[in-house]
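[1] fold the following.
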Amino acid sequence: MALFDFFKRGKFSIKDESVKFDAFDISGDKEVCYPDGTKYVAVQEDSFIVNTIINQIAKRASNVKFTSEDDKQQQLVDKINNPNEHQTKVEFLKEFCIYLLSSGYTVVWKKYKSFGVWDSLELININPDTITEGKTSLTFEYNGKTETVTYDQVVYFYDIRQHSEHKAGVSRLKPLKSQVENTKNAQIAKGIQIANAGTTIVSPKSYSNSNNMDEGLDGLVPDKIGNQKTQKEAMEEKLTSRGLRNRIIVSSKGLDAVNLSAQLNNVKFHEIVENDILAICDAYTFPPELTPYGKNAKFDNKELAEISLMESEIIPLVENLINSLNSEFPERGEIQMSFNHINAMSLIEERIQKTNGTTIDQLSVLLDKGIITQDEFRKELINKKILSDE
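    Numbering: from 1, shown residues only. The predicted structure follows:
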């Protein structure tokens, strides 16, 4: 039986349990994109590779330190560092990132215990999977209760863009339905492979001639107290006493046995879905070097991968949060972020300094030769954010 013939069988069950899964879809008759209304947070929770990628990004983003240049006005910084009575800053940020990266958007509830009193304000993440939109309000689940609030009581955040027909966002997972399901199927198939490994069929050779018909293990044998049982029953008792009864099958007659999972034993499922895993990594610009599937990953390229992830995902993700909060609460002191305590950030700063130095040298040559003016020199440094426009 060829490998894809095996997959075409469509359903496999794990031992006697009711858990079943569809084989790899090669028929082409299923949707390749998630439909509108998909609960993406649940998709993330159920997929080991999506869960790993998003949680790794969230963990790194939660390492941010928030500061404010105005020592006298740090109300917003204090609030984000202590967002609500149930979560720390790190817990809040991780949850925020998971919701945003899974669903393509998330919503933060500005919950006032005493209306308009700043000190009573709590910032609470709303799970997008639970949101139902109305004309003037939205309904959602929080702490086991159904809440309904008006839109001016929440702040929407978008990962890529807002959906064209409603206030929800567009998830990066939307076009990756088949890739996510393939990785889940491979994980389940691996479990079947492990569950079936080591199963043995024990059987005597069966033969017959004109004078003798072999009765296999059905022949009776006496036990120690004089009772009789078949040889098969005697062997099964010994196997049970050694804890092997469920691992070894005893046949009373000679059989030609075929293990249906025999071809699976040499299949490396993570290699079959490697392209699916890489597609999911690519959707989140998550370097494969930071996953168990990163080939030839060494310290140097892992360090470069950390820098790449910092620039492409972590910094923009936190900027998304603080820019919206600064806009929402303009009188409470502007939040600024810092990752300077992270090793990858120091490497980024070194690279920026080196790039800036090269830019200044090149512009200085143009200035010395009279190709650009002093004003053009200064404007170019401001455009490249080497010089402050103050």
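[2] now for the top strand by length along the chain, which elements pack on it?
    Secondary structure assigned by DSSP state E gives strand 105-112 as the longest strand of the chain. Helices and strands touching strand 105-112, as assessed by 3 or more Cβ pairs under 8 Å, 6 or more residues apart in numbering; DSSP states H and E, comprise helix 89-103, strand 121-126, strand 137-142, strand 154-158. For every residue, glycine as well, the C-beta is placed using N, CA and C.
[3] in the third one, what's buried?
    Neighbour-count burial for strand 137-142 flags 138, 140 (criterion: 16 or more other Cβ atoms under 10 Å).
[4] neighbouring strands of that strand in the sheet, and parallel or not?
    Strand 137-142 has its sheet partners listed here by DSSP bridges as strand 132-133 (antiparallel), strand 145-150 (antiparallel).
[5] can you list the residues that contact it?
    With Cβ atoms under 8 Å, 6 or more residues apart in numbering as the test, strand 137-142 has contacts from 107, 109, 124, 126-127, 130-132, 146-151, 154, 167.
[6] kindly report the same for the shortest one.
    Applying Cβ under 8 Å, 6+ apart, the contact partners of strand 154-158 are 96, 100, 104-110, 126, 138, 162, 167, 169, 320-321, 324-325, 328.
[7] what subset of those residues is buried?
    96, 100, 104-109, 126, 138, 169, 320-321, 325.
[8] nearest to Asp46 among the residues you listed?
    Among the buried ones among the contacts of strand 154-158, Gly104 lies closest to Asp46 (Cβ to Cβ), at 17.4 Å.
[9] for the closest one, what are phi and psi?
    Backbone torsions of Gly104, given as degrees, to the nearest 10, read phi 90, psi 0.
[10] so how far is Glu165 from it?
    Remark: distance between Gly104 and Glu165 (Cβ to Cβ, to the nearest Å) = 14 Å.
[11] and Gly219, by the same measure?
    75 Å.
[12] rewinding a little: now the strands paired with strand 137-142 as TSV including mean pLDDT and mean neighbour count?
    Below are those laid out as TSV (pLDDT from 0 to 100; neighbours: other Cβ atoms under 10 Å):
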stretch	mean pLDDT	mean neighbour count
strand 132-133	94	12
strand 145-150	96	12
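[13] make TSV from those strands and add distance to Pro175 to it.
    Shown next, in TSV, are these (distance: least, Cβ to Cβ, whole Å):
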stretch	distance to Pro175
strand 132-133	23
strand 145-150	32
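[14] of all these, which one comes closest to Asp276?
    Distance to Asp276, taken as Cβ to Cβ, is lowest for strand 132-133 among those, at 32.1 Å.
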